[in-house]
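J.: Here's a sequence, model it:
(4 chains)
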Protein chains: 2
Amino acid sequence: MGSYDVKQEVNDKYSLRGRVFNKIREDILSGKYKEHEELREVAIGEELGVSRTPVREAFRQLELEGLIQIVPNKGAYVTGITAKDVEDIYMIRSKLEGLCARWATDHITEEQLEELEENVYLADFHAQKGHLDQMAELDNRFHQILYESCDSKQLARLLVDFHEYVLRVRRKTLSNGGRGKVSNDEHRQIMEAIKAKDKDRAEILAHEHIVNAYDNMVKNGLYEIYDKAEPE
Amino acid sequence: MGSYDVKQEVNDKYSLRGRVFNKIREDILSGKYKEHEELREVAIGEELGVSRTPVREAFRQLELEGLIQIVPNKGAYVTGITAKDVEDIYMIRSKLEGLCARWATDHITEEQLEELEENVYLADFHAQKGHLDQMAELDNRFHQILYESCDSKQLARLLVDFHEYVLRVRRKTLSNGGRGKVSNDEHRQIMEAIKAKDKDRAEILAHEHIVNAYDNMVKNGLYEIYDKAEPE
DNA sequence: AATCGTATGATTGTATACAATAATACGTAG
DNA sequence: CTACGTATTATTGTATACAATCATACGATT
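T.: All right, here's what the predicted structure looks like:
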């Protein structure tokens, strides 16, 4: 029942092209390539040991994903994420995560629900111990389970994209200790709403969960590193 | 203020690559290439008078847009849209159109609001006359104005994508006379809510507008042409 | 007759060669 | 010294050549 691989069916990691794509993508997300940095086809090709062709194809896809911007006959540049972009994305995500939780309430399997419970309890433990890495891992997994159990390829694809996109920012915020516990409490409430088959409540809680995450981020001023204004 | 070109900034139509991409895309959307049809690089290249290279790059992008599916070393196939895909996309869109109307309420300019009013009145006229083509055109434009006036690149990009995606289906439903008038009445209500700066109402109305459009489509059984089951 | 294996052809994947465009540096004219 | 124009170089855009993979057909073997 409602469960398929949410991770990149497109661009299988084991083809050359897939590897090139994922590598460049990862390098942008991880911050190796800075904002507005120009990416040269030959340089990246040499680094990965391939010719320009696969690199160019990867560029076209990265452009569509919004990670780079290609200006014809000039070059490819890492897109700058503005503060407004971050806000917009979080607001959009909040709506979609709500919808996802609603649908998950209807379509989640026993196994998935159990993993969700387990996730919450485990995260509680790590929160007490202050294990930030495990917390981050469990947080990712929690949302991923929801994406898988909403039983919608379309929605899952969108949310996975946004989730990874937002990692560029979130990578900084999770090291901020305070919210870990609170965030997991919200996870628990969402999980319990789903368990109780209360779609409306699940949707509202999941929606608020993202809004809260954003508010927390803003409060801590964790995204000031990004452009205030539109990049040119 | 809040107004930039919502139409494909990516893939400028005037580069070769952009033209190739848009042409293939259009041919899929228009139904020239049927579902599950295999697209061969050389054949399409010859048809457009270009080599395989630009075609391949376009393919990679179309894959990411979800219009085709590339299986490594085999070929590119037009993706099948299932009935569930259509439903999911409409539900997702309904949420996002709601958000868009909310934001548009805050950021719309005088000029945009005026064009919105004009649009509604004009559409009323054409509805009475039964001018289906003009109705469709005005409907597109109505939503486009909202995308432009929501003042969010991120949201606008998503909605434009979905809107065009959904055209594959909608192309059939607009020829169905009944809803034209009702749809435009809903447009008017949305426009008036925005004019009155009532975000909550604008959001709800825009949301319901899409849900209604979907319900109408289902009622008329206009998407039975699509796969009932997952394509393989 | 059925099945397996091999050979052949078609198609995609990758690399390279060539063309077009843009950026830079330099030299000359004012 | 500045400004303009030209030459040079670097980089992208496109086409083509070659390699790898897959599908098909045919024939041999059981």
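J.: drop to CA atoms for contacts and neighbour counts, all remaining ones
T.: OK.
J.: Where in chain A is the helix or strand with the lowest mean pLDDT?
T.: Within chain A, judged by mean pLDDT, DSSP states H and E, the helix or strand with the poorest mean is helix A:153-173; its value is a mean of 81.
J.: Which neighbouring elements make contact with that one?
T.: Under the contact criterion of 3 or more Cα pairs under 8 Å, 6 or more residues apart in numbering or on different chains; DSSP states H and E, helix A:153-173 touches helix A:16-29, helix A:83-107, helix A:132-149, helix B:83-107.
J.: quick check: angle from the second one to helix B:153-173?
T.: Using axes from the mean of the first three to the mean of the last three Cα atoms, to 10 degrees, the interaxial angle of helix A:83-107 with respect to helix B:153-173 works out to 50 degrees.
J.: Next SSE downstream of helix A:83-107?
T.: Tracing the chain past helix A:83-107, the next element assigned as helix or strand by DSSP states H and E is helix A:110-129.
J.: and chain A, which of its residues are near chain B?
T.: Taking Cα under 8 Å from any Cα of the partner chain as the contact definition, chain A meets chain B at A:10, A:15, A:56-58, A:60-61, A:63-64, A:69-70, A:72, A:85, A:88-89, A:92, A:95-96, A:99, A:152-155.
J.: I'd like to know which of the helices and strands packed on helix A:153-173 is closest to B:Ser183.
T.: When the helices and strands packed on helix A:153-173 are compared by Cα to Cα, helix B:83-107 sits nearest B:Ser183, at 14.3 Å.
J.: check whether that closest one contacts chain A.
T.: Yes - if you take Cα under 8 Å from any Cα as the test, helix B:83-107 does meet chain A, through B:Asp85, B:Asp88, B:Ile89, B:Ile92, B:Lys95, B:Leu96, B:Leu99.
J.: From these, pick the one nearest DNA strand C.
T.: Proximity of the residues of helix B:83-107 next to chain A to DNA strand C (Cα to the nearest atom of the strand) peaks at B:Asp85, which lies at 25.6 Å.
J.: if we can go back for a sec, of all the residues in the least confident helix or strand of chain A, which ones are buried?
T.: Buried residues in helix A:153-173, counted by 16 or more other Cα atoms under 10 Å in any protein chain shown: A:153-157, A:159-160, A:162-163, A:165-166, A:168-170, A:173.
J.: who's sitting farthest from the centroid in chain A?
T.: Residue farthest from the centre of chain A, counting by Cα atoms, centre = their mean, is A:Asn73 at 31.6 Å.
J.: what are the phi and psi angles of that one?
T.: phi 70, psi 10 (degrees, to the nearest 10).
J.: show me what contacts it?
T.: Not one residue lies near A:Asn73 by Cα atoms under 8 Å, 6 or more residues apart in numbering or on different chains.
J.: do A:Lys34 as well
T.: A:Ile28, A:Val78.
J.: For chain A, what lies in contact range of DNA strand C?
T.: Within reach of DNA strand C by Cα under 7 Å from any atom of the strand, chain A has these residues: A:Ser15, A:Leu16, A:Arg17, A:Gly49, A:Val50, A:Ser51, A:Arg52, A:Thr53, A:Pro54, A:Asn73, A:Lys74.
J.: Nearest to DNA strand D, out of those residues: which one, please.
T.: Nearest to DNA strand D among the residues of chain A next to DNA strand C: A:Asn73, at 3.6 Å, using Cα to the nearest atom of the strand.
J.: On the pLDDT front, check the closest one for me.
T.: Per-residue pLDDT puts A:Asn73 at 92.
J.: What residues of stretch A:37-56 count as buried?
T.: Neighbour count says stretch A:37-56 has A:Glu38, A:Leu39, A:Glu41, A:Val42, A:Ile44, A:Gly45, A:Val50, A:Arg52, A:Thr53, A:Pro54, A:Val55, A:Arg56 buried, by 16+ other Cα under 10 Å.
J.: For the fifth one, which non-adjacent residue is closest in space?
T.: Residue nearest to A:Ile44 in three dimensions, not counting chain neighbours: A:Val55, with 7.3 Å by Cα to Cα, 6 or more residues apart in numbering or on different chains.
J.: what separates the residue nearest the centre of chain A from B:His126, distance-wise?
T.: Residue closest to the average C-alpha location in chain A (Cα atoms, centre = their mean): A:His163, at 1.5 Å. The spacing between A:His163 and B:His126, counted by Cα to Cα, to the nearest Å, is 44 Å.
J.: How about A:Cys100?
T.: A:Cys100 is 39 Å from B:His126, by Cα to Cα.
J.: With A:Tyr90 instead?
T.: 40 Å.
J.: again, but for A:Leu159
T.: A:Leu159 is 39 Å from B:His126, by Cα to Cα.
J.: Pull up the residues of chain A that are close to DNA strand D.
T.: Proximity of chain A to DNA strand D, by Cα under 7 Å from any atom of the strand, involves residues A:Leu39, A:Arg40, A:Glu41, A:Val42, A:Thr53, A:Ile70, A:Val71, A:Pro72, A:Asn73, A:Lys74, A:Gly75, A:Ala76.
J.: picking that back up, tell me the one among the buried residues of helix A:153-173 nearest to A:Phe21.
T.: Using Cα to Cα, these come closest to A:Phe21 at A:Tyr165, 14.7 Å.
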